[in-house]
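Novice: structure for this input, please:
(chains A, B, C and D)
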2 protein chains.
Amino acid sequence: MTSGLPGQVLDQLGAAIVNGEYPPGAVLRTEELERAFAVSRTVAREALRVLEAMRLVTSRRRVGITVQPLAAWNLYDPLVIRWRLACEARADQLRSLSELRSATEPVAAALAARRATPEQAGELTVLAVNLRATAKARDLDAFLVHDIAFHRLVLAASGNEMFTQLGDVVGEVLTGRTHYHLMPEEPQPAAVRLHIEVAEAIAAGAPDRAEAAMRAIVTQAMEEMELGLP
Amino acid sequence: MTSGLPGQVLDQLGAAIVNGEYPPGAVLRTEELERAFAVSRTVAREALRVLEAMRLVTSRRRVGITVQPLAAWNLYDPLVIRWRLACEARADQLRSLSELRSATEPVAAALAARRATPEQAGELTVLAVNLRATAKARDLDAFLVHDIAFHRLVLAASGNEMFTQLGDVVGEVLTGRTHYHLMPEEPQPAAVRLHIEVAEAIAAGAPDRAEAAMRAIVTQAMEEMELGLP
DNA sequence: GCTCTTGAATAAGTAGTACTTTTGGGTTTC
DNA sequence: GAAACCCAAAAGTACTACTTATTCAAGAGC
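Specialist: All right, here's what the predicted structure looks like:
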């Protein structure tokens, strides 16, 4: 949907709204947007229709297009998440996503212990071993790649499609932590060991062990993040 | 956005896609939809543009509008949730939302113990007491109302706007459990006592207690649900 | 007989106009 | 000061014209 002119208007206008350039209560006019983005009425209306569906704006005849407060937005919309991560208040979004992650990944691990296919369990073990190898080699870039893949697969193996979709933001959160220097300079062996424990517990079909180990991972990550964020 | 003709087309077409009336891979034509819904091209395009943003469909020139599989959808979009809850496979959505809830509410309770305002803590205590009263009176309708309000407030008091938004689906999940007769015929005193414990822990600023009590609540609810769903 | 090229049909994308409807605010009347 | 009225402002809907992208069928060449 970001292809085509309506997608371009959507992206620019949406990012501007999320970034506070159009604060809640601001009233936009369709004609103004046509001029500002140099597009026809059809294109402007299509972009606005999508923003309305995302609850960033509401539209009324004679009134105009009114920007809504953050509380009204579809906060789980991937585009909204992307715009929030790209704006000045990205630390807020990072914190919220990290808290969401700390809530969901332990439960996903427990569900994965019950539902993972043998292939998935095997791949998790492989990824955990790769984590250890890249940690020992102090290859942080490769470590991050495997870390992201590991967590995405745990979410996917949970068998809950809503957890699976959260895998899309794991990369953002983990990459964001690196961007803010919220990761230890080198991965702690204890943390790597916990990942291996999660993989083993899932392979063994032990939900409680998987949940506890994953909770230890995300709790530690939250503590590290709280030390570093304002 | 469900107001107006594009909103009506969106609602009907979206629900039909989610219900499997247009399975993944099916190709729609804009002109066909104009005829089927008796609307102009502008209206059809606006509705399609929103469905595209929700990832239910993709659009390409010469090809048409292609329906996407569930894995591609924005599963957290309130409209997608609504359509899923209204279709034949609503039990799947209810299960997924219940699992999501079981993951998030304990962590929300812990955060609320740290962040709730005195007003929020006070209101939680009032709601918990109301729960007890309506349980004793065996007034299940009133009990449900207070139960929903209680859980929504815990999510709101967490201070995480993404948790707060999940409050919108708490009503759906709790009401859905009642619809499927997945609730005990009368609220168990032990469950009511756990709600009071959550409220007290939040008021006392005790995150671990709040989290443990809420986890007991949602774990029990999951167990009850698993006994009743196919 | 297979492969490559070409051209046309199919379908969406974009621009823009005309008309309708809704709504809010200012003015007038009581 | 309140109620009624009217009109301007702005969105909503329909429609036409033209452009662009893409796929597929047919023909040519080897």
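Novice: the longest helix along chain A close to chain B?
Specialist: Ordering each helix of chain A by length in residues (DSSP state H) puts helix A:90-115 first. Yes - legend: contact between helix A:90-115 and chain B by CB under 8 Å from any CB of the partner chain is shown at A:95, A:96, A:97, A:99, A:100, A:102, A:103, A:104, A:106, A:107, A:108, A:111. Every C-beta, even on glycine, is put in place using the N, C-alpha and C of the backbone.
Novice: so for the third one, what's the nearest residue that isn't a sequence neighbour?
Specialist: Leaving aside its sequence neighbours, residue A:97 sits nearest to residue A:173 (CB to CB, 6 or more residues apart in numbering or on different chains; 5.0 Å).
Novice: next one: stretch A:134-151 to chain centre, how far?
Specialist: From the chain centre to the centre of stretch A:134-151 is a distance of 18 Å (CA atoms, centre = their mean, to the nearest Å).
Novice: with neighbour count and distance to DNA strand D added, can I get the residues of helix A:90-115 next to chain B in a markdown table?
Specialist: Shown next, in a markdown table, are the residues of helix A:90-115 next to chain B (neighbours: other CB atoms under 10 Å in any protein chain shown; distance: CB to the nearest atom of the strand, whole Å):
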| residue | neighbour count | distance to DNA strand D |
| --- | --- | --- |
| A:95 | 19 | 35 |
| A:96 | 21 | 31 |
| A:97 | 22 | 32 |
| A:99 | 23 | 36 |
| A:100 | 24 | 33 |
| A:102 | 24 | 40 |
| A:103 | 28 | 37 |
| A:104 | 26 | 36 |
| A:106 | 25 | 43 |
| A:107 | 28 | 41 |
| A:108 | 30 | 36 |
| A:111 | 24 | 38 |
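Novice: so the most centrally placed residue in chain A is in which element?
Specialist: Most central in chain A under CA atoms, centre = their mean is residue A:169, positioned 2.1 Å from the mean C-alpha point. Assigned by DSSP states H and E, residue A:169 belongs to helix A:161-179.
Novice: after that helix, which helix or strand is next? Please name it.
Specialist: helix A:189-204.
Novice: please name every helix or strand in contact with the very next helix or strand once past that following helix.
Specialist: Note on helix A:189-204: by DSSP H and E, the next helix or strand toward the C-terminus is helix A:207-228. With contacts defined as 3 or more CB pairs under 8 Å, 6 or more residues apart in numbering or on different chains; DSSP states H and E, the packing partners of helix A:207-228 are helix A:90-115, helix A:161-179, helix A:189-204.
Novice: if you set the cut-off to 7 Å instead, what comes out?
Specialist: Judged by 3 or more CB pairs under 7 Å, 6 or more residues apart in numbering or on different chains; DSSP states H and E, the packing partners of helix A:207-228 are helix A:90-115, helix A:189-204.
Novice: buried ones in that helix, by neighbour count?
Specialist: By neighbour count with 16 or more other CB atoms under 10 Å in any protein chain shown, helix A:207-228 contains the buried residues A:207, A:209-218, A:220-222, A:224-225.
Novice: and the angle from it to helix A:90-115?
Specialist: Interaxial angle of helix A:207-228 relative to helix A:90-115 (axes from the mean of the first three to the mean of the last three CA atoms, to 10 degrees): 170 degrees.
Novice: return the distance of helix A:207-228 from the chain's centre.
Specialist: 17 Å.
Novice: now the angle between helix A:90-115 and the least confident helix or strand in chain A by mean pLDDT, please.
Specialist: Counting by mean pLDDT, DSSP states H and E, chain A has its least confident helix or strand at helix A:161-179, which shows a mean of 89. Interaxial angle of helix A:161-179 relative to helix A:90-115 (the same axes, to 10 degrees): 130 degrees.
Novice: over to the residue lying farthest from the centre of chain A. Which of the three states is it?
Specialist: In chain A, counting by CA atoms, centre = their mean, residue A:62 sits farthest out from the average C-alpha position, at 37.6 Å. Secondary structure state of residue A:62, per DSSP: H, G, I helix; E, B strand; the rest coil, is coil.
Novice: what do you get for residue A:159?
Specialist: Recorded secondary structure, residue A:159: coil (three-state DSSP).
Novice: isn't it right next to residue A:110, touching?
Specialist: No - assessed by CB atoms under 7 Å, residue A:159 is found out of contact with residue A:110, at 11.2 Å.
Novice: domain parsing for chain A?
Specialist: A:4-72, A:89-228 (automatic domain parsing).
Novice: so of the ones you listed, which one's packed in deepest?
Specialist: domain A:89-228 (a mean of 19; mean count of other CB atoms under 10 Å in any protein chain shown).
Novice: who are the contact partners of residue A:167?
Specialist: Residues near residue A:167 by CB atoms under 7 Å, 6 or more residues apart in numbering or on different chains: A:152, A:155, A:156.
Novice: where does the spatially closest residue to residue A:197 that is not a sequence neighbour land on pLDDT?
Specialist: What sits nearest to residue A:197 in space, not counting adjacent residues and going by CB to CB, 6+ apart, is residue A:213, at 4.1 Å. pLDDT for residue A:213: 98.
Novice: now residue A:230
Specialist: At residue A:230, the model reports a pLDDT of 62.
Novice: low-confidence stretches in chain A?
Specialist: A:1-2, A:229-230 (pLDDT under 70).
Novice: how about the residues of chain A near DNA strand D?
Specialist: By CB under 7 Å from any atom of the strand, the part of chain A that sits against DNA strand D consists of A:28-31, A:41-42, A:45, A:48, A:59-65.
Novice: intersect those residues with the contacts of DNA strand C.
Specialist: Among the residues of chain A next to DNA strand D, the residues within reach of DNA strand C (CB under 7 Å from any atom of the strand) are A:41, A:42, A:60, A:61, A:62, A:63.
Novice: find the nearest non-adjacent residue to residue A:175, please.
Specialist: Using CB to CB, 6+ apart and skipping the chain neighbours, the partner closest in space to residue A:175 is residue A:144 (7.0 Å).
Novice: which helix or strand contains that neighbour?
Specialist: Assigned by DSSP H and E, residue A:144 falls within helix A:140-157.
Novice: give me the helices and strands touching that helix, please.
Specialist: helix A:90-115, helix A:118-136, helix A:161-179, helix A:189-204.
Novice: ok, which of those helices comes nearest residue B:121?
Specialist: helix A:90-115 (19.5 Å; CB to CB).
Novice: quick one: that closest one to chain centroid distance?
Specialist: Chain-centre distance of helix A:90-115: 10 Å, with CA atoms, centre = their mean.
Novice: check stretch A:61-80 too.
Specialist: Computed by CA atoms, centre = their mean, the separation of stretch A:61-80 from the middle of its chain amounts to 19 Å.
Novice: before we move on, what about stretch A:53-64?
Specialist: Computed by CA atoms, centre = their mean, the separation of stretch A:53-64 from the middle of its chain amounts to 27 Å.
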